[in-house]
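Enquirer: Have a look; sequence and predicted model below, questions after that.
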Amino acid sequence: MNIALIAHDRKKDDLIEFVIAYLPIFSKHRLYATGTTGRRVSEATGLDVHCYQSGPLGGDQQIGAMVAQNLMDLIIFFRDPLTAQPHEPDVSALLRLSDVYKVPLATNMGTAEVLLRGLSEHHLDWRLEEKREGRNGR
Ligand SMILES: O=C(CO)COP(=O)(O)O
């Protein structure tokens with residue numbers, strides 16, 4: 001599965017902690033991330049992470065483009081709900097596209113835990129079916 005990892009600055013440590021906690025699961029999948037998040041995760045875990053642009057420079061949109069091609073299967077996006085982001089429209093666009101294409105997306109650690117456990121127990125295998133059949137969620 002293709003998994004996107006994104007965290008706003010004040011949530012990056014939480015995301016790294018989360019990836020370390022579920023390393024055996026994450027290591028079985030292809031990881032993509034916005035720039036700074038990806039570099040931090042890769043440095044902390046040794047995992048291979050494809051890094052797009054930093055979020056404010058278009059990274060959320062690049063991940064959104066993968067969603068629009070139905071290439072992204074799961075998104076972990078630890079947002080900072082207490083800090084305004086200059087690229088808020090990009091963030092909203094990514095959330096919207098995830099809903100259009102029915103891509104499971106967690107914005108906090110509680111939901112992320114459920115998704116990761118579901119992933120490891122094959123509850124997200126329907127995504128493979130969606131891709132195989134070229135369905136696009138609409
Ligand atoms: O801003 C972000 C997501 O909206 C994250 O970007 P970085 O991973 O480059 O910090």
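Expert: Structure received.
Enquirer: How about the contacts made by the residue in the chain that the ligand sits nearest to?
Expert: Proximity of the chain to the ligand (Cβ to the nearest ligand atom) peaks at Gly55, 2.1 Å away. (Each C-beta comes from the backbone N, C-alpha and C, glycine too.) The contact partners of Gly55, taken as Cβ atoms under 8 Å, 6 or more residues apart in numbering, are 6, 8, 34-37, 85, 87, 90-91.
Enquirer: What score does it have for pLDDT?
Expert: For Gly55, the pLDDT comes out at 97.
Enquirer: Pretty sure Asn70 sits in a helix.
Expert: No: applying DSSP: H, G, I helix; E, B strand; the rest coil, one finds Asn70 to be coil, outside a helix.
Enquirer: ok, it to Lys102 distance?
Expert: From Asn70 over to Lys102 the distance is 10 Å, taken as Cβ to Cβ, to the nearest Å.
Enquirer: count of residues packed around Thr83?
Expert: 10 (other Cβ atoms under 10 Å).
Enquirer: again with Glu88
Expert: 10.
Enquirer: cool, Phe26 as well?
Expert: Residues lying near Phe26 (other Cβ under 10 Å) number 22.
Enquirer: what does the one 3 residues further on give?
Expert: Residues lying near His29 (other Cβ under 10 Å) number 14.
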